[in-house]
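**Q** Just the structure for this:
(one chain, ligands or ions: 1)
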Amino acid sequence: MYKLISATPSPYARKVRIQLAEKGIPFELITEVPWNADTQTPRYNPLEKLPVLLCPDGTSVFESRYINEWIEYKHPATPLFPKDVDGILAVKRFEVIVDGACDALVQMFFEIARDPDKQSQPWFDRQQRKVDGALRYLSTAIGEKEFCHGDTFTLADIAAGTLLRYLSVRWPAKPWRETYPNLAIYSDRLELRSSFNNSVPVPQIIRDRVA
Ligand SMILES: N[C@@H](CCC(=O)N[C@@H](CS)C(=O)NCC(=O)O)C(=O)O
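**A** Now for the predicted structure:
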């Protein structure tokens, strides 16, 4: 059986959890705090990040977007990519935007964890602009539709949905729901799926100093 090294707030890990659940692939969930010194993540990923998918043959797969694609190739049933090339590329475009926004949010999270005299407002603002840009993009691209692409649930929806819920959990003061009511409706609808409902993000306490 697969094992997935995951963290409870991680939008990256949640993408893989949701994909595995949507496809009905059983896996053992291993919950870690990747920022703590005793994480086992570096044993399996030279980049020291989770999620990491541990395969029954002892190999590991890492980098969420690559894991998602790897799973699509290895387990094609219940496809989460469209069939046509243009559709696949359109879905990947959503994934790129969402991962970029999540990366910016992680930067912001650690920027404000620094001692006050070491924090950089211009750096924080730069990251904030990326998140704002991604939300603007998603709001326009999704509009009032049920799904990001076409009329089926794809990896694009998994990505967009995880970003939106991550915002609510880690950055509850950000008024994205008011600014983009269409995204709030879209997110709430996705969260009704059992794959989403069973993987609701929860903040973690980071014990060790990181920044
Ligand atoms: N691009 C990576 C980002 C993963 C990532 O940043 N994971 C965080 C947890 S949410 C992590 O493990 N960080 C530890 C580190 O960067 O040292 C992916 O998509 O998998």
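**Q** Could you use CA atoms for every contact and neighbour count after this?
**A** Noted.
**Q** Can you show me the strands along the protein?
**A** 2-6, 27-31, 52-54, 60-62 (DSSP state E).
**Q** out of those, nearest to the ligand?
**A** Closest approach to the ligand among these is made by strand 60-62 (6.4 Å; Cα to the nearest ligand atom).
**Q** For the longest helix along the chain, name the packing helices and strands.
**A** Assignment by DSSP state H gives helix 85-111 as the longest helix of the chain. If contacts are counted by 3 or more Cα pairs under 8 Å, 6 or more residues apart in numbering; DSSP states H and E, helix 85-111 sits against helix 121-142, helix 155-170.
**Q** could you dump these to a markdown table with mean neighbour count and mean pLDDT?
**A** Shown next, in a markdown table, are the helices and strands packed on helix 85-111 (neighbours: other Cα atoms under 10 Å; pLDDT from 0 to 100):
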| stretch | mean neighbour count | mean pLDDT |
| --- | --- | --- |
| helix 121-142 | 16 | 98 |
| helix 155-170 | 23 | 97 |
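**Q** re the thing from before, buried stuff in the longest helix of the chain?
**A** Under the neighbour-count criterion of 16 or more other Cα atoms under 10 Å, helix 85-111 has 88, 90-92, 94-95, 97-105, 107-108, 111 buried.
**Q** Just want the angle from it to helix 155-170.
**A** Here the directions of helix 85-111 and helix 155-170 differ by 20 degrees (axes from the mean of the first three to the mean of the last three Cα atoms, to 10 degrees).
**Q** relative to helix 121-142, how tilted is helix 85-111?
**A** Using the same axes, to 10 degrees: helix 85-111 against helix 121-142 is 150 degrees.
**Q** so of the strands of the chain, which one's packed in deepest?
**A** strand 52-54 (a mean of 23; mean count of other Cα atoms under 10 Å).
**Q** Please name whichever of the helices and strands packed on helix 85-111 is nearest to the ligand.
**A** With Cα to the nearest ligand atom as the criterion, the ligand lies closest to helix 155-170 of those, at 10.3 Å.
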